[in-house]
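1. okay, here's the prediction I keep looking at, along with the sequence it came from:
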Amino acid sequence: MIILTALLFNILNSFAVSVDQLIEEAYKEVKKEKSKDSFNLAVKSFNEGIFSVAVKEGKKYLKLHRKNDIKRDIIIEMIAVSYYRMYKKKELFDHLIWADRQNISRDIKLKIFQLANNLFIEKKDKKRLEIIRKKFSYLLRPIPSFRIYDEKFKKFKPNVNIFKLKYGNIIGENSLYKVKKDTTLIEIAKELDLGYDEIRIANPHIDPFDVQKGMIVLIPRKRLLPEKEFNFGEIYLNLSEKRLYYPIIINEDPFVISIPVGIGTDENRSPIGTFSISEKRKNPYWYVPDNIKEEDPSLPDIFPPGPDNPLGTRAMRLGNTTYLLHGTSKKFGIGMKVSHGCIRMYNEDVEALFDIVDTGTKVHIYEKNYKIFKNRHVYIEIYQLDEESRKKLLHELSQKGIKINRNFISYLEKERRGYVIPLY
């Protein structure tokens with residue numbers, strides 16, 4: 001009888017534990033579903049411009065979801081952008097102070113600080129501006145530099161146009177630039193050896209033609225190479241981002257030279273495919289093509305070398321085509337669709353590249369609207385998505401185990417283009 005009673009007690013006790021576990025699991029599932037609903041509604045509301053709802057649902061999500069991941073980072077950033085768009089100075093100030101204590105990525109902190117700084121300048125809130133600049137001065141420090149002892153590469157600037165190759169095919173770190181005088185993003189891009197489009201899309205909340213003194217501009221340097229399985233000593237150029245990559249080995253260490261470029265217009269598209277450098281010319285003559293002379297009959301048949309030569313100071317031919325990698329006499333146009341199909345660079349960049357690239361070097365030219373890299377994590381870099389590439393991106397992410405919807409992708413297109421972000 002005693003044994004039977006003990007057995008019955010154990011069965012009932014086990015049953016009670018199982019019920020408690022079921023209740024706990026059910027509670028977790030309900031909480032997970034509420035968290036998912038709040039995230040999706042916050043993102044959808046933001047994309048539709050309903051910023052007050054985005055903030056409300058975003059805060060609900062943060063209470064339900066304590067895990068440090070990309071979704072939490074995105075919501076924290078989204079709340080900051082919403083406050084910025086609603087001109088909520090106090091709320092953005094408080095959110096920045098709170099976010100600094102959270103375990104979020106450095107890039108998110110850069111973005112929130114930038115938004116607060118710029119809003120306080122726009123609204124002439126000197127008191128809050130002074131406080132955040134003092135507290136967050138560490139975010140304005142330059143990225144630690146490095147030295148390259150090979151004289152052959154002395155023309156390249158570390159963390160500007162030559163980078164250490166990190167894990168996989170990731171290079172560079174994003175940073176902030178404090179504007180010294182009223183200017184434009186075109187002027188800043190030239191000063192920092194960037195293309196216009198890449199600095200514009202990385203700063204969606206700055207008027208590119210009205211950048212005020214004291215404003216903060218995000219400098220997008222963190223990137224993925226266009227090809228995962230790349231070869232050192234070959235050039236890779238992605239037309240969608242208007243940027244060239246040249247991975248090389250220097251004293252047994254891997255580096256990547258990366259340079260902004262201008263490309264062909266939609267009517268005169270730059271070529272896609274694999275080519276090789278077939279000819280190199282210093283201070284080239286420009287033999288003006290007939291179709292260009294038809295557009296501008298005032299041009300001579302042959303344009304001699306000099307400061308006004310449209311080919312700049314160096315030119316390298318792609319295979320047996322008429323397309324060139326060359327410099328430019330124009331002050332602006334790098335990072336834009338401006339040419340008749342040739343690839344143009346700042347003269348300083350093309351001169352440095354010319355000195356280290358041999359005839360016969362392969363040049364791979366792509367048009368990739370996004371890039372994905374996976375090792376322990378999944379990284380993504382978005383430029384401009386059309387409907388076809390958007391579907392393809394969602395499919396690729398799904399195959400890698402990343403389930404995100406169109407609203408999430410739309411948010412990334414609005415707020416996180418032009419540089420690498422982790423998705424998992």
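-> Cool, got the structure. Numbering: from 1, shown residues only.
2. out of everything not next to it in sequence, what's closest to residue 269?
-> In this structure, residue 269 finds its nearest non-sequential neighbour in residue 341, 6.4 Å apart by C-beta to C-beta, 6 or more residues apart in numbering. C-beta here means a position set from N, CA and C on the backbone, and glycine is covered the same way.
3. hang on, that neighbour is in a strand, isn't it?
-> No. Secondary structure of residue 341 (DSSP: H, G, I helix; E, B strand; the rest coil): coil, not part of a strand.
4. pretty sure it contacts residue 271?
-> Yes. Proximity of residue 341 to residue 271 meets the contact threshold set by C-beta atoms under 8 Å, at 6.8 Å.
5. between the two, what contacts are shared?
-> Listed as contacting both residue 341 and residue 271 by C-beta atoms under 8 Å, 6 or more residues apart in numbering are residue 323.
6. which elements pack onto the longest strand seen in the chain?
-> In the chain, ranked by residue count with DSSP state E as the criterion, the top strand is strand 273-282. Applying 3 or more C-beta pairs under 8 Å, 6 or more residues apart in numbering; DSSP states H and E, we find strand 273-282 packed against strand 314-318, strand 362-366.
7. buried stuff in the last one?
-> Using 16 or more other C-beta atoms under 10 Å as the burial criterion, the residues of strand 362-366 that qualify are 363, 364, 365, 366.
8. who's the closest spatial neighbour of residue 249, skipping the chain neighbours?
-> Excluding its sequence neighbours, the residue lying closest to residue 249 (C-beta to C-beta, 6+ apart) is residue 232, at 5.4 Å.
9. can you check residue 142 too?
-> residue 175 is the one closest to residue 142 (C-beta to C-beta, 6+ apart), at 6.6 Å.
10. residues touching that neighbour, list them.
-> 110, 142, 143, 218, 219, 221.
11. how many residues are close by residue 206?
-> 22 (other C-beta atoms under 10 Å).
12. that one reaches residue 184, doesn't it?
-> No. Here residue 206 does not reach residue 184: they are 9.9 Å apart, not a contact under C-beta under 8 Å.
13. please tell me how far the residue nearest to residue 142 sits from residue 51.
-> Distance, residue 175 to residue 51, by C-beta to C-beta, to the nearest Å: 28 Å.
14. all helices for the stretch 201-350 of the chain, in order.
-> For the stretch 201-350 of the chain, applying DSSP state H, counting those that start in this stretch gives helices covering 290-295, 347-356.
15. not counting sequence-adjacent ones, nearest residue to residue 125?
-> Nearest to residue 125 is residue 89, by C-beta to C-beta, 6+ apart, at 5.6 Å.
16. so for the one you found, what's the pLDDT?
-> You'll see residue 89 listed with a pLDDT of 98.
17. what's near enough to touch it?
-> Here residue 89 is in contact with 119, 120, 123, 125, 128 (criterion: C-beta under 8 Å, 6+ apart).
18. swap in residue 319?
-> Shown in contact with residue 319 (C-beta under 8 Å, 6+ apart): 275, 276, 278.
19. try it again at 10 Å.
-> Residue 319 makes contacts with 271, 273, 274, 275, 276, 277, 278, 279, 363, as judged by C-beta atoms under 10 Å, 6 or more residues apart in numbering.
20. check residue 363 too.
-> 234-237, 244, 246, 271, 273-277, 316, 318-319, 323, 325, 343, 357.
21. can you report how many residues neighbour the residue lying closest to residue 384 once chain neighbours are set aside?
-> Leaving aside its sequence neighbours, residue 384 sits nearest to residue 369 (C-beta to C-beta, 6+ apart; 5.7 Å). Neighbour count of residue 369, defined by other C-beta under 10 Å: 19.
22. please apply the same query to residue 100.
-> Residues near residue 100, counting by other C-beta under 10 Å: 15.
23. if I look at the closest residue to it other than its chain neighbours, how far off is residue 98?
-> In space, and not counting its chain neighbours, residue 100 is closest to residue 109: 6.6 Å by C-beta to C-beta, 6+ apart. Residue 109 sits 12 Å away from residue 98, going by C-beta to C-beta.
24. looking at these two, which one has more neighbours?
-> Counted by other C-beta under 10 Å, residue 109 and residue 98 do not tie: residue 109 has more neighbours, with 20 against 13.
25. check whether that one really touches residue 97, as I assumed.
-> No. Contact criterion C-beta atoms under 10 Å: residue 109 and residue 97 do not qualify, at 11.5 Å.
26. how far does the one helix or strand residue 189 maps to sit from its chain's centre?
-> Secondary structure from DSSP states H and E places residue 189 in helix 185-191. Counting by C-alpha atoms, centre = their mean, to the nearest Å, helix 185-191 is centred 17 Å from the centre of its parent chain.
27. contacts for that helix next, please.
-> 177, 179-181, 183-184, 194-200, 202-203, 206-211, 215, 217, 219, 260, 331-336, 346.
28. filter those down to the buried ones, ChimeraX style.
-> Buried residues among those (16+ other C-beta under 10 Å), as a ChimeraX selection:
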select :177,179,183,184,194,195,196,197,198,199,200,202,203,206,211,215,217,219,260,333,334,335,336,346
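29. let's see which of the contacts of helix 185-191 end up in strands.
-> Using DSSP E, the contacts of helix 185-191 in strands are 177, 217, 219, 260.
30. so what's the closest residue in space to the second one that isn't next to it in sequence up against?
-> With C-beta to C-beta, 6+ apart as the criterion, residue 217 has its nearest non-adjacent residue at 4.6 Å, and that residue is residue 177. By C-beta under 10 Å, 6+ apart, the contact list for residue 177 reads 114, 140, 142, 188, 191-192, 194, 199, 203, 215-219.
31. so how far is residue 55 from residue 177?
-> Residue 177 sits 28 Å away from residue 55, going by C-beta to C-beta.
32. please apply the same query to residue 324.
-> Relative to residue 55, residue 324 is positioned 51 Å away (C-beta to C-beta).
33. one step back: beta partners for the residue nearest to residue 142?
-> Per DSSP bridges, the residues bridged to residue 175 are residue 219.
34. equivalent analysis for residue 260, please.
-> residue 243.
35. shouldn't it be in contact with residue 353?
-> No. Checked against C-beta under 10 Å, the pair residue 260 and residue 353 is beyond contact range at 11.9 Å.
36. need the residues touching each of these two.
-> Common contacts of residue 260 and residue 353 (C-beta under 10 Å, 6+ apart): 161, 244, 345.
37. SS state for residue 33?
-> Secondary structure assignment for residue 33 (three-state DSSP): helix.
38. which residues does it contact?
-> Contacts for residue 33 (C-beta under 10 Å, 6+ apart) come out as residue 64.
39. appreciated, that's everything.
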